[in-house]
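> quick one, what's the 3D model for this:
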Amino acid sequence: MDAEISLKTSVDVARIRRACRVAERCLRYLAPCVRPGISTGETVSSQAEIDLARKKAAELKAKLDAGAKWEDVAKEAGTGTPADGSIGWILPDSTAVDASTLKAIFALQPNSISPVVETKDGSFDIARVTDIVPAKVDDQFARKVSDAGLDQGAYRTLLGYEATKTALTSSVLADVLDKPSAQRQVSEIALTKPSGTGDEVRVRHILISPNGDPQKAAQVAQTDPAWTKAHDLATSISADLAAGKTTFVDAAKKYSNDSGSAADGGLLPWLTRDAVVTEFGDAIFADGLKADQVLAPIKTQYGWHIIQYVGRRPPVDQLITQVRQEASQPGADFAALAKKYSDATDADTGGDMGWVARLQLPTEQEDAIFATTPGSVSDVLTTSSGYAIYKVAQEATRLPDPSQASLIRGGGFGYWFTPQRLKAKVEQLATPAQVLPSAAP
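Numbers count the residues shown, from 1 in each chain. Alright, predicted model coming up:
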């Protein structure tokens, strides 16, 4: 089905594969709906979970056979399925979908739907093909290349590189995607490097700007009534907070003119003193502040600020060492420490990263995780963005689940290739200017 578009040069030197017009839509229902082993301590799905997923997939297929709309069934499938069930155009050697699903797709005719396919990663797929564009030869391809100002020799060299990369990518990823391999169940604590230096303070704030516009506040004359109106509103909100008539989070969402933080209840990232204007820094770095304390409104060039103090911490390069020491103590609650200290997006779930396979994360993170003995905490990893430590709960041999597979397909080859390239001697055979003259400086 949908063979790739194959184009021949005028001298029949190379077959050039372009974006194929193999259209199809794929509906995926995952088995199980949660990562294997997370809730039960096991490393694979139970037979009951697999049977439940198989039954659900069969029910969805029956609805499609009965005339249900594809988009509606795709929404019902939920986990792992695009909103409308669409994957887009694919080639016969695509790695975007499971090999069994791919085979089923290319056995279909337009506007037909496959049987339920059980995949290697434990999911169940249903595929629908919407369009097929067959292979064709463009007799004018060589002329089009020349008319575009491209060097045909350099262009063919570039295409050769692309073909090699495609084959190499498939080979590298196959070792992780297509057969069980060692994985680690991991949690993390990550601290972000600040833009400034010294201790960091975290606060919530409600910003009331003249005319409701922080960016133009400095242009408003101090005698303008808009400043008085902003001050009066800030004073009123502060009084309501003191009287318990509203919460800081609710007031921030309702009144704050800082749109970036308002939706999060006015919460700002950790700040160093040199990262904020003087008046704001003087207020939040004052001695003796206590958690949840609400400060009297202060004025800056952006307007009037009502501030709730959250906490203070030492510089992150010192803090990460302290946190690792705490996390390494017998009986330490790593999840609680992650909730308390981590800046990562998974902090609320105790830093839970789930299962990590090779080629799923950047090499520096992967190396730190797989160098750590299961049951212990990693050494401190220093990255360009900050610092991290990892708690490895256990190791198991398993296939990647669908979310892992997606990450590996998306970035795995780059993670593998970057360190290889750093070790290799690179010879440039074609310059950007040779391939595309407009790229010349």
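> and this structure, what are its domains?
With automatic domain parsing as the criterion, the domains of the chain are listed as 5-177, 181-191+316-398, 200-313.
> export the ones you listed as TSV, with columns for mean pLDDT and distance to residue 412.
The C-beta positions use only the backbone N, C-alpha and C, and glycine is treated the same way. Formatted as TSV, the domains of the chain follow (pLDDT from 0 to 100; distance: least, C-beta to C-beta, whole Å):
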stretch	mean pLDDT	distance to residue 412
domain 5-177	68	5
domain 181-191+316-398	96	4
domain 200-313	96	30
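> could you dump those to CSV with mean neighbour count and distance to residue 415?
Conversion of these to CSV gives the following (neighbours: other C-beta atoms under 10 Å; distance: least, C-beta to C-beta, whole Å):
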stretch, mean neighbour count, distance to residue 415
domain 5-177, 16, 10
domain 181-191+316-398, 18, 5
domain 200-313, 17, 27
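> just send these back as JSON lines, with distance to residue 407 too.
Formatted as JSON lines, those follow (distance: least, C-beta to C-beta, whole Å):
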{"stretch": "domain 5-177", "distance to residue 407": "11"}
{"stretch": "domain 181-191+316-398", "distance to residue 407": "5"}
{"stretch": "domain 200-313", "distance to residue 407": "26"}
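> can you tell which of those is closest to residue 409?
When the domains of the chain are compared for distance to residue 409 using C-beta to C-beta, the nearest one is domain 5-177, at 5.6 Å.
> for residue 424, which of the domains of the chain is the nearest?
Judged by C-beta to C-beta, the one of the domains of the chain that comes nearest to residue 424 is domain 5-177, at 13.0 Å.
> list the residues that contact residue 267.
202, 204, 261, 310 (C-beta atoms under 8 Å, 6 or more residues apart in numbering).
> can we see that at 7 Å?
204, 261 (C-beta atoms under 7 Å, 6 or more residues apart in numbering).
> what do you get for residue 147?
When the contact criterion is C-beta under 7 Å, 6+ apart, residue 147 has no partners at all.
> where along this protein do the helices fall?
Under the criterion DSSP state H, the chain carries helices at the ranges 47-65, 70-77, 99-105, 141-147, 152-177, 225-242, 248-255, 259-262, 278-284, 316-327, 334-341, 363-370, 402-423, 432-435.
> next, the angle from the first one to helix 70-77.
With axes from the mean of the first three to the mean of the last three C-alpha atoms, to 10 degrees as the criterion, the two stretches helix 47-65 and helix 70-77 enclose an angle of 160 degrees.
> tell me where the stretch 1-150 of the chain has strands.
With DSSP state E, counting those that start in this stretch as the definition, the stretch 1-150 of the chain shows strands at residue ranges 5-8, 15-18, 23-29, 86-89, 112-113, 117-118, 124-129.
> just to revisit the earlier point, mind putting the helices of the chain in a markdown table, distance to residue 211 included?
Supplementary listing: these in a markdown table, determined by distance: least, C-beta to C-beta, whole Å:
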| stretch | distance to residue 211 |
| --- | --- |
| helix 47-65 | 54 |
| helix 70-77 | 43 |
| helix 99-105 | 56 |
| helix 141-147 | 56 |
| helix 152-177 | 54 |
| helix 225-242 | 5 |
| helix 248-255 | 14 |
| helix 259-262 | 15 |
| helix 278-284 | 20 |
| helix 316-327 | 37 |
| helix 334-341 | 39 |
| helix 363-370 | 46 |
| helix 402-423 | 44 |
| helix 432-435 | 49 |
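> between the ones you listed, which one is closest to residue 303.
If we rank these by C-beta to C-beta, the stretch that ends up nearest is helix 225-242, at 5.5 Å.
> who wins for proximity to residue 423 among the domains of the chain?
For the domains of the chain, distance to residue 423 was read as C-beta to C-beta. The smallest value, 12.0 Å, belongs to domain 181-191+316-398.
> just tell me which of the helices of the chain ends up closest to residue 386.
helix 316-327 (6.4 Å).
> which residues touch the closest one?
Contact partners of helix 316-327, identified using C-beta under 7 Å, 6+ apart, comprise 189, 191, 193-194, 313, 332, 334, 337, 341, 377, 380, 386-387, 389, 391.
> relative to helix 334-341, how tilted is that helix?
Using the same axes, to 10 degrees: helix 316-327 against helix 334-341 is 150 degrees.
> how far does helix 316-327 sit from the chain's center?
When C-alpha coordinates are averaged (C-alpha atoms, centre = their mean, to the nearest Å), helix 316-327 and its chain have centres 26 Å apart.
> cool, and stretch 348-368?
Between the mean C-alpha location of stretch 348-368 and the chain-wide mean there is a distance of 12 Å, by C-alpha atoms, centre = their mean.
> may I have the distance across that stretch, first residue to last?
This stretch, stretch 348-368, spans 23 Å end to end (C-alpha to C-alpha, to the nearest Å).
> same check on stretch 110-118?
Comparing the first residue of stretch 110-118 with its last one, the separation is 22 Å (C-alpha to C-alpha).
> which other residues reach it?
Under the contact criterion C-beta under 7 Å, 6+ apart, stretch 110-118 has outside partners 57-58, 61, 64, 100-101, 104-105, 108, 124-132.
> next one: stretch 291-301
Counting by C-beta under 7 Å, 6+ apart, the neighbours of stretch 291-301 from elsewhere in the structure are 217-218, 234-235, 238, 241, 248, 277, 279-280, 283, 304-311.
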